[in-house]
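Trainee: Sequence below, structure please.
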Amino acid sequence: MVRIRMRESNFDGGYAFPETELSKKYILIGLILHSLIFTVIAIPFCAALIPIILDNMDPTYFLFRNVTFLSYHVKLLLRIFLIIIVVLQCTIAALGFAIILSNVLLLLVMSLENITPMNTSFYRKMEFAKFFIQYRQLQILNRIWNNVCYLTFSLGLFLPLVAVVLLGYTLIKLRSVIPFPLTFLVAGGYSSKIERFC
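Mentor: Residues are numbered from 1 along each chain as shown. As a prediction, this is how the structure comes out:
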């Protein structure tokens, strides 16, 4: 005869699972990943509201302003569609990069935790050797990452400052043509960039 062990039943008819520290971590990871799904869906549609609320504030306005053979509503729909596609791709790329980077950092932290000797048993020594090799591999990857991204991050911090200065100069020269809301937005972005670099 096969004996089946039943879990203790709750009042609502479900099963009671023991709540351990590991299950709490998995619940937290599940909540974070499900919120990322909502973020990937919500950000493009929020960005698509910009052409509806502020007609001449987004970059797609400059792509379609000289197109005269399309009606205003068709141009608006094309702009919204273009914004949704571009922002969706950028959001997926950014969140994918964040997930991959967090996985690498998690591997690094787990390797550091596992190579820390707690006792002197043979099993612990075998685990130390296995995780030490993984830690060294991650350390090499970290060194390569730092060497490659050093110049990239330097340029990534310097080029926006140069672009903001050039855009500020252009804004001053075109103050009679550019609408006032755009002037205030660029001035606010310019001042925040200057504060960040100072």
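Trainee: by contact count, what packs against the longest helix seen in the chain?
Mentor: Longest helix of the chain, by residue count under DSSP state H: helix 122-173. Contacts defined by 3 or more Cβ pairs under 8 Å, 6 or more residues apart in numbering; DSSP states H and E place helix 122-173 against helix 72-114, helix 180-197. Any C-beta I mention is one placed from the backbone N, CA and C, and that applies to glycine too.
Trainee: Determine the angle, from 0 to 180 degrees, between it and helix 72-114.
Mentor: Angle of helix 122-173 versus helix 72-114, following axes from the mean of the first three to the mean of the last three Cα atoms, to 10 degrees, is 150 degrees.
Trainee: Begin at 3, not 1, for the rest of this chat.
Mentor: Okay, using 3 as the starting number, the last item reads as helix 124-175.
Trainee: and helix 124-175, average pLDDT?
Mentor: Confidence for helix 124-175, expressed as mean pLDDT, is 73.
Trainee: quick revisit: worst average pLDDT in the helices and strands packed on helix 124-175?
Mentor: With a mean of 62, helix 182-199 has the lowest mean pLDDT of the helices and strands packed on helix 124-175.
Trainee: what does whatever helix or strand residue 63 lives in rub up against?
Mentor: In this structure, residue 63 is located in helix 62-66 according to DSSP states H and E. If you take Cβ atoms under 8 Å, 6 or more residues apart in numbering as the criterion, helix 62-66 is touched by 53, 57, 72, 77, 80, 81, 84, 85.
Trainee: Which ChimeraX command selects the buried ones in these?
Mentor: Selecting the buried subset of these in ChimeraX, with 16 or more other Cβ atoms under 10 Å as the burial test, is done by:
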select :53,77,80,81,84,85
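Trainee: In JSON lines: the contacts of helix 62-66, plus distance to residue 66.
Mentor: Output for the contacts of helix 62-66, formatted as JSON lines (distance: Cβ to Cβ, whole Å):
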{"residue": "53", "distance to residue 66": "10"}
{"residue": "57", "distance to residue 66": "11"}
{"residue": "72", "distance to residue 66": "7"}
{"residue": "77", "distance to residue 66": "5"}
{"residue": "80", "distance to residue 66": "7"}
{"residue": "81", "distance to residue 66": "6"}
{"residue": "84", "distance to residue 66": "9"}
{"residue": "85", "distance to residue 66": "12"}
